[in-house]
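J.: sequence unavailable; structure follows:
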């Protein structure tokens, strides 16, 4: 994974895991890699990997079961809310970028419909 130096690494890894959750790559109740394996997979410090899981737990997206590992939430409503939140953020980013190019909101939405 190529990291953006302007965004904390733990946040970038967390975003990747969230994407895996909403796309089903990491299914509900599915086991996530251990912190050490996560650190190796993303070439990050094990403490950073532990922080990623702590933050995901705070958001209710995963849970750690002592002696078993870390698992994706089984709460389909929480996953749907995350997906909606990520879609809303992507739409905001799109509208912001086009507004910087001089497009009005309506023009940006029309452009999207034209191109897709």
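T.: Yes, it's here. Nothing here was measured: the structure is a model prediction, and the numbers come from that model. Numbers count the residues shown, from 1 in each chain.

J.: for the residue sitting furthest away from the middle of the chain, pull up the helix or strand it's in.
T.: In the chain, residue 102 marks the outermost C-alpha relative to the chain mean, sitting 29.3 Å out by CA atoms, centre = their mean. Secondary structure assigned from DSSP states H and E places residue 102 in neither a helix nor a strand.

J.: quick check: the gap between it and residue 108.
T.: Relative to residue 108, residue 102 is positioned 10 Å away (criterion: CB to CB, to the nearest Å). Just so you know, the C-beta spots here come from the backbone N, C-alpha and C atoms, and that holds for glycine as well.

J.: what domains does the record give for the chain?
T.: Following automatic domain parsing, one finds the domains of the chain at 9-74, 77-115.

J.: with distance to residue 1 added, can I get those in a markdown table?
T.: Formatted as a markdown table, these follow (distance: least, CB to CB, whole Å):
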| stretch | distance to residue 1 |
| --- | --- |
| domain 9-74 | 6 |
| domain 77-115 | 18 |
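
J.: would JSON lines of the ones you listed with mean pLDDT and distance to residue 2 be doable?
T.: Rendered in JSON lines, the data for these read as follows (pLDDT from 0 to 100; distance: least, CB to CB, whole Å):
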{"stretch": "domain 9-74", "mean pLDDT": "96", "distance to residue 2": "9"}
{"stretch": "domain 77-115", "mean pLDDT": "95", "distance to residue 2": "19"}
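
J.: which residue packs closest to residue 56, ignoring adjacent ones?
T.: With CB to CB, 6 or more residues apart in numbering as the criterion, residue 56 has its nearest non-adjacent residue at 4.5 Å, and that residue is residue 62.

J.: alright, I will stop here.
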